[in-house]
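**Q** Structure of the sequence below:
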Amino acid sequence: MYGKGELKFIGVVESAGENEAKVHIFPEFCDALKGIDGFSHMIILYWIHLRDNEKERSVLQVIPRGRANGVKVGVFACRSPSRPNPIGLCVVKLMKVEDCRLTVKGLDAFEGSPIIDVKPYIQRRDAVPNAYTPEWLSH
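**A** Presented below is the predicted three-dimensional model:
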């Protein structure tokens, strides 16, 4: 039985690389991977463990990385790893499933990052037609 609001990590990033990453799903959750190999892409939610401290969790505004205009925005308006709950989300290409290990491409987590959840990417639900972003993001 889990308490209200309790997170249980289901795995860990074993290795992270620009071209390929390996995610180890803990044995007690391995059965939950059944059928995932039929998807080309997945959504991985992970804990940004290197920013899990009081200072980083109290950051509410940042200058987004790569933005030369220097305009501060709220952390809920960008993908800053410094945020009240350091949860990362990444859509990855699934390359291979072996036992309790996923080989993926495009993961932006670091080695040692705890995995919160894995979900299939479903194009008709996850791709939003006519989505837009603010002007400051295009500079």
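**Q** Phe26 and Ser82, how far apart?
**A** 27 Å (Cβ to Cβ, to the nearest Å). Just so you know, the C-beta spots here come from the backbone N, C-alpha and C atoms, and that holds for glycine as well.
**Q** Surely Pro120 touches Lys34?
**A** No - using Cβ atoms under 8 Å, Pro120 is not in contact with Lys34, being 11.9 Å away.
**Q** More neighbours: which of the two?
**A** With neighbours defined as other Cβ atoms under 10 Å, Pro120 and Lys34 compare such that Pro120 has more, 15 against 9.
**Q** and Asp31, that one's in a helix?
**A** Yes - per DSSP: H, G, I helix; E, B strand; the rest coil, Asp31 lies within a helix segment.
**Q** Next, name the residue at the spatial heart of the chain.
**A** For the chain, the residue lying nearest the average C-alpha position, counting by Cα atoms, centre = their mean, turns out to be Leu89 (2.4 Å).
**Q** What is the burial count for the closest residue to that one other than its chain neighbours?
**A** Of all residues not flanking Leu89 in the chain, Leu45 sits nearest, at 5.5 Å (Cβ to Cβ, 6 or more residues apart in numbering). By other Cβ under 10 Å, the residues close to Leu45 number 15.
**Q** Now the host helix or strand of Leu45: buried residues?
**A** Applying DSSP states H and E as the criterion places Leu45 in strand 41-47. For strand 41-47, the neighbour count (16 or more other Cβ atoms under 10 Å) marks His41, Met42, Ile44, Tyr46, Trp47 as buried.
**Q** Tell me how far the third one lies from Ser82.
**A** For Ile44, the distance to Ser82 under the criterion Cβ to Cβ works out to 20 Å.
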